[in-house]
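In: fold the following for me, if possible:
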Amino acid sequence: MKELLTDIEHRYFYTTDGVKLHYAEIGSGPPLIMIPGGLCAYDYFAYQIPTLSQHFRLLILDPRGFGLSEVPAYGYRIPRLAADIREWLGHLNVTKAYFLGHSMGCSIIWCYMDLYGQNPFLKLILVDQAPALAINPIWSEKQVRQTGAVAVDVWGFVNEFVVNQEKPMAAFSKYLPLGVSDREEKLAQNFKDYLRESLPVKNWQVASDLMLNHVTQDWRDVVRRITVPTLLLTGELSRVRDAVIWSHEQIPSSELVIFTREELGSHNLLLENPKKANAEILAFLTK
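Out: A predicted model of the protein is given here:
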């Protein structure tokens, strides 16, 4: 993967609460803001960068606590990460851009829209995220399908990152499976490479704190109010597929692409089938 990242410019800025955040920049053209999912950083998009940077100015922020960003002892909540995005855009003097979020990156975008509005968004790409992850016991079966939530032991899930630091990613397979191709023992090679080479977590307590805030959110009211042109990507192997379909049904000017099992349509479809993912992204952004 590292050979795909050689031309990136690495830059930094400071948030208003004093945290030094890293961002990657490459390419020229209209800005495309890319927000990685939970526990990930700019290099998660390694297989998108060479293709998309030929058409766009790619700007990818490492969330506080991850990748090359500083690891403060505070601020691991989705609203703070959304505020970091807003301050970063101000630092860049970017007032209009395309946006792409994967997994928790979608939740950060939804929070941004909820707090600050949709004015900066030219178009939006949401990759495989449910609007809620933890089931409320009083929800109906219909509400559960809408959210994509599961009956997760929230504290068991977030504590697993800390108590099982030799295999912290087991927290997902044990408590919150998101769907991968043939499960962990037979992952697509690109995803294996990412887990082995690049998992950008420096402090698993930080990961636990952020995941606690992430899994207890419900963004359905925000999804219903999205007005910008939106592309939603999911896959047959993803556990949140039905929730992504529901989100598509709520957003008037949206398109939906479901990767098949044969196309490695998992939660990590950007890594597992970058050729198709990049083609879909470019077709949507350039038409």
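In: how many neighbouring residues does residue 100 have?
Out: Counted with other Cβ atoms under 10 Å, residues neighbouring residue 100 total 29. In short, each C-beta sits where N, CA and C put it, glycine included.
In: pLDDT below threshold where in the stretch 151-287 of the chain?
Out: Judged against pLDDT under 70, the low-scoring parts of the stretch 151-287 of the chain cover residues 177-200.
In: that one: helices as residue ranges?
Out: All helices of the stretch 151-287 of the chain, identified by DSSP state H, counting those that start in this stretch, fall at 154-163, 170-175, 189-197, 204-215, 220-223, 241-250, 269-272, 274-286.
In: who wins for proximity to residue 131 among those helices?
Out: Residue 131 lies closest to helix 220-223 among these, at 4.6 Å (Cβ to Cβ).
In: okay, buried residues for the closest one please.
Out: Across helix 220-223, burial judged by 16 or more other Cβ atoms under 10 Å covers 220, 222, 223.
In: can you add distance to residue 237 and give these back as a markdown table?
Out: Listed next are the buried residues of helix 220-223 as a markdown table, based on distance: Cβ to Cβ, whole Å:
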| residue | distance to residue 237 |
| --- | --- |
| 220 | 24 |
| 222 | 26 |
| 223 | 22 |
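In: closest to residue 148 among those residues?
Out: The shortest approach to residue 148 among these belongs to residue 220, at 10.4 Å (Cβ to Cβ).
In: quick check, that closest one in contact with residue 146.
Out: Yes: under the criterion of Cβ atoms under 8 Å, residue 220 makes contact with residue 146 at 6.6 Å.
In: shared neighbours of these two, which are they?
Out: Common neighbours of residue 220 and residue 146, using Cβ atoms under 8 Å, 6 or more residues apart in numbering, are residue 131.
In: just to revisit the earlier point, distance to residue 36 added to the helices of the stretch 151-287 of the chain, as TSV?
Out: Below are the helices of the stretch 151-287 of the chain laid out as TSV (distance: least, Cβ to Cβ, whole Å):
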stretch	distance to residue 36
helix 154-163	17
helix 170-175	16
helix 189-197	11
helix 204-215	12
helix 220-223	20
helix 241-250	18
helix 269-272	10
helix 274-286	14
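In: let me see the contact set for residue 284.
Out: For residue 284, the contacting residues are 123, 125, 231, 255, by Cβ under 8 Å, 6+ apart.
In: straight-line length of stretch 92-101, end to end?
Out: With Cα to Cα, to the nearest Å as the measure, the first residue of stretch 92-101 is 19 Å from its last.
In: that one: how far from the chain's middle?
Out: Its chain's C-alpha centre lies 15 Å from the corresponding centre of stretch 92-101 when counted by Cα atoms, centre = their mean, to the nearest Å.
In: coming back round to it: so which of the helices of the stretch 151-287 of the chain is nearest residue 27?
Out: Ranking those by proximity to residue 27 (Cβ to Cβ) places helix 274-286 first, at 12.7 Å.
In: one step back: ranking the helices of the stretch 151-287 of the chain by burial, who's on top?
Out: The highest mean neighbour count among the helices of the stretch 151-287 of the chain belongs to helix 269-272 (a mean of 28), with neighbours defined as mean count of other Cβ atoms under 10 Å.
In: list the helices and strands that one packs on?
Out: For helix 269-272, the contact count by 3 or more Cβ pairs under 8 Å, 6 or more residues apart in numbering; DSSP states H and E identifies helix 189-197, strand 230-235, helix 274-286 as packing neighbours.
In: how about 7 Å then?
Out: Packing partners of helix 269-272 (3 or more Cβ pairs under 7 Å, 6 or more residues apart in numbering; DSSP states H and E): helix 189-197.
In: and the next element down the chain from the longest helix seen in the chain?
Out: Ranked by residue count and defined by DSSP state H, the top helix of the chain is helix 78-92. Elements were assigned by DSSP states H and E; along the chain past helix 78-92, the next helix or strand is strand 97-102.
In: list the buried residues of that next one.
Out: For strand 97-102, burial by neighbour count (16+ other Cβ under 10 Å) applies to 97, 98, 99, 100, 101, 102.
In: cool, stretch 5-20 as well?
Out: Counting neighbours by 16+ other Cβ under 10 Å, one finds that the buried residues in stretch 5-20 are 5, 8, 13, 15, 19.
In: send me that stretch as CSV with only the CA atoms.
Out: Backbone C-alpha positions of stretch 5-20 (Å, rounded to 0.1, in the frame of the first residue of the first chain) are rendered in CSV as follows:
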residue,chain,number,x,y,z
LEU,A,5,1.2,7.2,-1.1
THR,A,6,4.6,8.5,-2.2
ASP,A,7,3.4,11.8,-3.8
ILE,A,8,1.3,13.0,-0.9
GLU,A,9,2.0,16.3,0.8
HIS,A,10,1.8,16.0,4.6
ARG,A,11,0.5,19.1,6.4
TYR,A,12,-0.7,20.1,9.8
PHE,A,13,-3.0,22.6,11.5
TYR,A,14,-4.1,23.4,15.1
THR,A,15,-7.6,23.1,16.3
THR,A,16,-9.1,25.8,18.6
ASP,A,17,-8.7,23.4,21.6
GLY,A,18,-5.0,23.1,20.8
VAL,A,19,-4.6,19.8,19.0
LYS,A,20,-2.2,19.4,16.1
